[in-house]
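**Student:** next input, structure requested:
(one chain, ligands or ions: 1)
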Amino acid sequence: MSSNAETTRNKKIPVVAIAGATGAVGVELMACLEQRKFPLAELRLLASARSVGKKMKFRGNDVSVQELTDKSLEGVDIALFSAGGAQSKRFAPAAVKAGAVVVDNSSAFRMDPNTPLVVPEINSGELANHHGIIANPNCVAIVAATPLWPIHQKRRIKRIVMATYQAASGAGAAAMEELSESTRAYLEGRPFQPKVLPHPYAFNVFSHNTRVDPETGYNEEETKVMQECRKIFGVPDLRVSATCVRVPVLRAHCISLNIELEAPLSPAEAREVLSRAPGVRVVDDMEKNYFPMPVDASGKDDVLVGRIRTDVSDPTGCSLSLFVAGDQLRKGAALNAVQIAERLIR
Ligand SMILES: NC(=O)c1ccc[n+]([C@@H]2O[C@H](COP(=O)([O-])OP(=O)(O)OC[C@H]3O[C@@H](n4cnc5c(N)ncnc54)[C@H](OP(=O)(O)O)[C@@H]3O)[C@@H](O)[C@H]2O)c1
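**Tutor:** Purely as a prediction, here's the structure:
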């Protein structure tokens, strides 16, 4: 892309490609494009050589999957990448060279200073600064940042401490299959050897399956979430600490958030701010003990937020606790990418 102010060539109805179409995010990208009636001249579905010829339905028609190659990206205006970091590193620059704008779901370019990291409800202004690649943030970062941003606008957030309850879908289609299969095996009393995740998943909870940095003690997922929250908020010294954990839930991540603000904000004020915020739905019924849950967040666009209360352990009254649930395949990945693409063709 030659001009960063220009978004897609001549604003014509774009040819759109999904690289990684057969994966958990890819399937959801197709659903979002279809449900949101995204205008496109052609949808090209790309994946590995293993999937070539596989038929996938889009708008009632069968579309054949092609192999992701330099050639398959020719003529593409918008390329939505969800084929893993290695494929993004290899093929996203080729797509840009061929004239496309890339929205990348992998972590390959997120912390590159020349690549905007965008949650449209927060920093869509950054889209004007792209050089062909726009990064979609980590799913936890998106699900946490979307409800925290409107609070940050009301009272500046000084510190965030979070603990996640991450679903299988965050690790892709094969991890969802492993959770289902291992649960079935457990209930039938059969042995099950994990292949995708490092520990037994059925009826278990374990620290996120990414490498732990021996110096900091944080794993890669936690490090990504902390760095990306700072970049999305545009606050390089924002104090953030994350603990990321996998729970045996098929889809939709939950996060417990504890935030310290520059001045007190009552739970009622926070609820009011959040009830007006885009991309967020308040689910906070103390009487019925009804709060955000993965089953309610699955397949939904909004991040659910509840359990909004003053943290009594902070004598200044400046800290709040919240609990959120968000479908990380939708807002945490595909929906956020399609929202970015929608802004590119405006
Ligand atoms: N899952 C989430 O909630 C989530 C959220 C945010 C970001 N992401 C990121 O999105 C990306 C995809 O995640 P996912 O969960 O959808 O994974 P997934 O279910 O495992 O799907 C991976 C996709 O990549 C394709 N692929 C793998 N190797 C390839 C190759 N050599 N050439 C071309 N295509 C190849 C696969 O095609 P085949 O079917 O042909 O193998 C499949 O379409 C990852 O970078 C992930 O970190 C995921």
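**Student:** taking the protein, what residue is nearest to the ligand?
**Tutor:** Residue nearest to the ligand within the chain (CB to the nearest ligand atom): residue 23, separated by 2.0 Å. Using the backbone N, CA and C atoms, a C-beta is placed for each residue, glycine as well.
**Student:** residues near that residue, how many?
**Tutor:** 22 (other CB atoms under 10 Å).
**Student:** when you give positions from now on, start the count at 347
**Tutor:** Sure, I'll start counting at 347 from here, so that last one is residue 369.
**Student:** how close does the nearest residue to residue 616 once chain neighbours are set aside get to residue 619?
**Tutor:** Nearest residue to residue 616 in three dimensions, chain neighbours excluded: residue 654, at 5.2 Å (CB to CB, 6 or more residues apart in numbering). Per CB to CB, to the nearest Å, residue 654 is found 10 Å from residue 619.
**Student:** pick out whichever of the two has more residues nearby.
**Tutor:** residue 654 (25 against 20).
**Student:** before we move on, back to that, give the contact list for the residue nearest to residue 616.
**Tutor:** Neighbour list for residue 654: 613, 616, 617, 620, 628, 630, 666, 667, 668 [criterion: CB atoms under 8 Å, 6 or more residues apart in numbering].
**Student:** circling back: contacts only, for the residue of the chain closest to the ligand.
**Tutor:** The contact partners of residue 369, by CB under 8 Å, 6+ apart, come to 393, 428, 429, 518, 519.
**Student:** who wins on neighbours among those?
**Tutor:** Using other CB under 10 Å as the neighbour test, these are led by residue 428, with 29 neighbours.
**Student:** that one and residue 453 touch, don't they?
**Tutor:** No: in this structure, residue 428 is not within contact of residue 453 by CB atoms under 8 Å, at 11.8 Å.
**Student:** tell me which element residue 437 falls in.
**Tutor:** Here residue 437 sits within helix 431-443, counting by DSSP states H and E.
**Student:** what's that helix in contact with?
**Tutor:** Residues from elsewhere that reach helix 431-443 (CB under 8 Å, 6+ apart): 347, 363, 365-366, 414, 416, 419, 422, 425, 427, 429, 448, 450-455, 477-479.
**Student:** so it, near the ligand or not?
**Tutor:** Yes: judged by CB under 6 Å from any ligand atom, helix 431-443 comes into contact with the ligand at 431, 433.
**Student:** what lines up beside the helix or strand just after that helix in the sheet?
**Tutor:** Counting by DSSP H and E, the next helix or strand C-terminal to helix 431-443 is strand 447-450. Taking DSSP bridges as the criterion, strand 447-450 forms sheet pairs with strand 424-427 (parallel), strand 479-481 (parallel).
**Student:** got the CA positions of strand 447-450 in CSV?
**Tutor:** C-alpha atoms of strand 447-450 as CSV (Å, rounded to 0.1, in the frame of the first residue of the first chain):
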residue,chain,number,x,y,z
VAL,A,447,-4.4,-4.1,3.5
VAL,A,448,-3.8,-6.9,6.0
VAL,A,449,-5.7,-7.3,9.3
ASP,A,450,-3.6,-9.8,11.2
